[in-house]
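Student: Quick one: sequence plus predicted model below, questions after.
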Amino acid sequence: MTDTDLAATVHHSGGSYPVVAGWGLIDRLGERLLELGVKGPAYIITDDNVMRPYGRNAQWALQRAGIAAHVFIIPPGEPSKTFGLAQSIYEWLVGLKAERGQPIIAVGGGVVGDLAGFVAATFLRGVPFFQVPTSMAAMVDASIGGKVAVNLPQAKNLVGAFYQPQAVIADVQALSTLGKRELSEGWAEAIKHGLILDADLLDVFEEHAEALMNVEPEISTEVIRRSMAIKADVVSQDERETLGIRILLNYGHTIGHALESSTEYGRFMHGEGVSIGMMGVARMASRLGMIPESIVDRHREILQRFNLPIKASGMSVDQIRYAMSLDKKVQSGANRWVMLEEVGRAVVRQDVPWELVDETLHELVD
Ligand SMILES: NC(=O)c1ccc[n+]([C@@H]2O[C@H](COP(=O)([O-])OP(=O)(O)OC[C@H]3O[C@@H](n4cnc5c(N)ncnc54)[C@H](O)[C@@H]3O)[C@@H](O)[C@H]2O)c1
């Protein structure tokens, strides 16, 4: 593996793994996996949208390297993250006589990664797992850190595990087939990384917004690597979300999740909810005297340059408030708010007055 593609190394209780990003990496996936000691056959899990070209190209790349590869294709989208589909994959693996040392490779977005990882964690009590993320959310977030899960009808991600992959290999070129809206919402998570932990990365976003929206190879690869490195660093420090570091990644998520869930995941894409949520929480931080108004303006300007929403016009404050009360991060009845002290430095506050939250929500829905 060439060092130039290495974004970060994740360290965890069971060892460490490389996180790499580069342009056209899927075509060279076979050699990379050989270097990582993979022996076939391998089991690729992908979805219907991603199969052509990425799932198929991954399969061919493995076969060129002498690694036999079978492919299981799931229907795209969140409804596929179920026990039912996991069961179908187990049965497929049994039918192919899959053995413990043989790897599962997720080629796709976060849904494929979470489901394939769940299967890898549980089939034969664990088989080697590789992440080949193709969506922005999967590259800068879902593929790194080992959270794998399926949904229950009652809630998302209710059953899962921490199961670390053996490598994360992101082909940044894949981003060029995402729709404009998907691209924008994906960049929201990476912008968030800059806001909470890397002020220089925010500068890069401000300088190269247009090139990033056009997925220009060099700058997009650099930004994806830096964003992956931030996630890798956070999960290395706080593998199981017990130390209060990983929670910083939830910047903008308290309001964002509430917007998503109170509209039954129909109106806002995840990154769009986060964008509005970051705007709201920046305003609150400014009113609490934590940041100057100029940082609120920077939020607004950068989010708008990436065509991201900064308001949730027409929504009911009561609905948002109710959804916020169900947030997983609520402790002793109070929301825990991730807030900036400056660009690149975030903290958790649990003492935000309700009147301020209310006032901010009213402004967001205006
Ligand atoms: N494990 C974690 O730590 C973690 C973190 C964040 C999100 N998640 C999970 O990730 C999921 C969301 O991820 P997502 O946004 O990638 O969703 P997704 O996997 O549903 O992908 C979104 C859509 O984009 C398509 N797609 C993927 N790559 C593409 C490409 N290169 N070109 C064109 N289309 C492409 C997919 O087929 C799908 O239709 C959720 O289930 C969420 O719970 C997990």
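Tutor: Arrived safely. Numbering: from 1, shown residues only.
Student: Buried by neighbour count: which residues of stretch 81-96 qualify?
Tutor: Residues of stretch 81-96 classed as buried: 81, 82, 85, 86, 89, 93 (neighbour count, 16 or more other Cβ atoms under 10 Å). Yep, even glycine has a C-beta here, placed from its N, CA and C like the rest.
Student: Show me where the stretch 101-250 of the chain has its strands.
Tutor: Counting by DSSP state E, counting those that start in this stretch, the segments of the stretch 101-250 of the chain that form strands are 104-108, 129-133, 147-152, 155-162, 167-171.
Student: Lowest average pLDDT across those?
Tutor: Mean pLDDT values for the strands of the stretch 101-250 of the chain show the minimum at strand 155-162, a mean of 91.
Student: angle of that one against strand 147-152?
Tutor: Inter-element angle recorded for strand 155-162 and strand 147-152: 140 degrees (by axes from the mean of the first three to the mean of the last three Cα atoms, to 10 degrees).
Student: Show me what counts as buried in strand 155-162.
Tutor: In terms of neighbour count (16+ other Cβ under 10 Å), strand 155-162 has its buried residues at 160, 162.
Student: What distance do you get for residue 287 to residue 356?
Tutor: 6 Å (Cβ to Cβ, to the nearest Å).
Student: The two: which has the busier surroundings?
Tutor: A count of neighbours by other Cβ atoms under 10 Å puts residue 287 above the other of residue 287 and residue 356, at 16 against 13.
Student: give the contact list for that one.
Tutor: By Cβ atoms under 8 Å, 6 or more residues apart in numbering, the residues touching residue 287 are 356, 360.
Student: how far away is it from residue 363?
Tutor: For residue 287, the distance to residue 363 (Cβ to Cβ) stands at 11 Å.
Student: confidence score at residue 2?
Tutor: 49.
Student: With pLDDT, secondary structure and distance to residue 345 as added columns, please give the buried residues of stretch 81-96 in CSV.
Tutor: Shown next, in CSV, are those (pLDDT from 0 to 100; DSSP: H, G, I helix; E, B strand; the rest coil; distance: Cβ to Cβ, whole Å):
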residue, pLDDT, secondary structure, distance to residue 345
81, 96, coil, 34
82, 96, coil, 39
85, 98, helix, 41
86, 98, helix, 40
89, 98, helix, 42
93, 98, helix, 45
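Student: Closest one to the ligand out of those residues, please.
Tutor: Within these, distances to the ligand taken as Cβ to the nearest ligand atom reach their minimum at residue 81, with 5.5 Å.
Student: Need phi/psi at that closest one.
Tutor: With angles defined as degrees, to the nearest 10, residue 81 shows backbone torsions of phi -80, psi 60.
Student: do the same with residue 345
Tutor: The phi/psi pair for residue 345 (degrees, to the nearest 10) reads phi -140, psi 120.
Student: burial count for it?
Tutor: The burial count assigned to residue 345 is 14, neighbours taken as other Cβ under 10 Å.
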